[in-house]
Structures are given as C-alpha cells and as structure tokens.
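# Provided below are the primary sequence and the corresponding predicted coordinates.
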Amino acid sequence: MVMWIRTYDESRGLWQYFEGDDEGRVLRQVEVRGDDGTPVTAASLDEVLRFQERADIATVSRYEQRYGRVTEAGLAGWEEAPHAGTLSAEAFEGVWLDASRALGAVAAPPPGTDTGTGTGTDPDPDPGTDV
C-alpha cells in the first residue's frame, strides 16, 4: 500500500514530502524550502532505476543535478519527525506536479492515475542531448 507523508527538516529549513511503499521505501520525494516555498527536489526512484538499468550513468548524474535524489534511508520513524503527518494522494500529486514543473519536468500524471511508480517527469533530464 502506498502512503504519502510530510515532515519538516528543521536543520535544513525544508518541507519534505514522501511517497512510500509498504516496506518503507521512498518512491518519490519532494523538498520545498520553508522560507519561500521554492522546490529543491522532485526525485523518483523509478526514474533513477530505469536509467541505471540502461547503464546510463551520465543521465543519472544529470537527473540528480536537476531533480535531486531520493533518500535511501527509508521512512522508518517518520512519525517522530517535526510536523509529521499523512497526506492524501491528491495533495501529494499537487506538490509533486508543482515541484516537477519548477525543476524542469514536462508533466505529471493527473490525480486518480496510478501513483505507485509513475512520476511524470521528463525521462531525459537534459532534453538538449541525445541519450
């Protein structure tokens, strides 16, 4: 079962939004600066794994520079994080869409579509190059 949560990282001043699976893995992650609402991360595990399967390290690197990285730490203990709470799928998708667009993505899936792995970000994080 997919879950959507929000926490606040006080040390970095970031709101963090996570989509996680029933094993606590982060599937998608958004980070937004708390002071001005600027997105800094909109990363998808599915997209990174797709690039890695193709052994396309250069594309993985460009993707991570543009969209950030998905945490590998998982979601265990998220309930104790400051301002932690659950979100609806629709609320997460709204944050995901806004952050993805701001960081350069083309589109995101509309609410009500499969949110387990689909991210909607541009599969080529650097559309000016051939991969």
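The structure has been received and is ready for your questions. Only a predicted model underlies this, so the values are computations on that prediction, with no experimental measurement involved.

# show me what contacts the nearest residue to residue 35 once chain neighbours are set aside?
Among residues not flanking residue 35 along the chain, residue 13 sits closest, at 6.0 Å (Cβ to Cβ, 6 or more residues apart in numbering). Any C-beta I mention is one placed from the backbone N, CA and C, and that applies to glycine too. By Cβ atoms under 8 Å, 6 or more residues apart in numbering, the contact set of residue 13 is 33, 34, 35.

# phi, psi for residue 13 please.
Backbone torsions of residue 13, given as degrees, to the nearest 10, read phi 70, psi 40.

# measure it to residue 43 for me?
19 Å (Cβ to Cβ, to the nearest Å).

# do residue 34 as well
Taken as Cβ to Cβ, the span from residue 34 to residue 43 is 18 Å.

# neighbour count: the two, which is higher?
Taking neighbours as other Cβ atoms under 10 Å, residue 34 and residue 43 compare with residue 43 leading, 25 against 16.

# select the longest helix from the protein.
helix 89-103 (DSSP state H).

# quick one: which of the contacts of residue 13 is nearest to residue 22?
The closest of the contacts of residue 13 to residue 22 turns out to be residue 34 (Cβ to Cβ; 29.0 Å).

# pull out the buried residues from the longest helix of the chain.
Buried residues in helix 89-103, counted by 16 or more other Cβ atoms under 10 Å: 89, 92, 93, 95, 96, 97, 98, 99, 100, 101, 103.

# who does it touch, helix- and strand-wise?
strand 3-9, strand 14-20, strand 26-33, strand 39-44, helix 57-67 (3 or more Cβ pairs under 8 Å, 6 or more residues apart in numbering; DSSP states H and E).

# hey, what's the angle from that helix to strand 39-44? Just curious.
110 degrees (axes from the mean of the first three to the mean of the last three Cα atoms, to 10 degrees).
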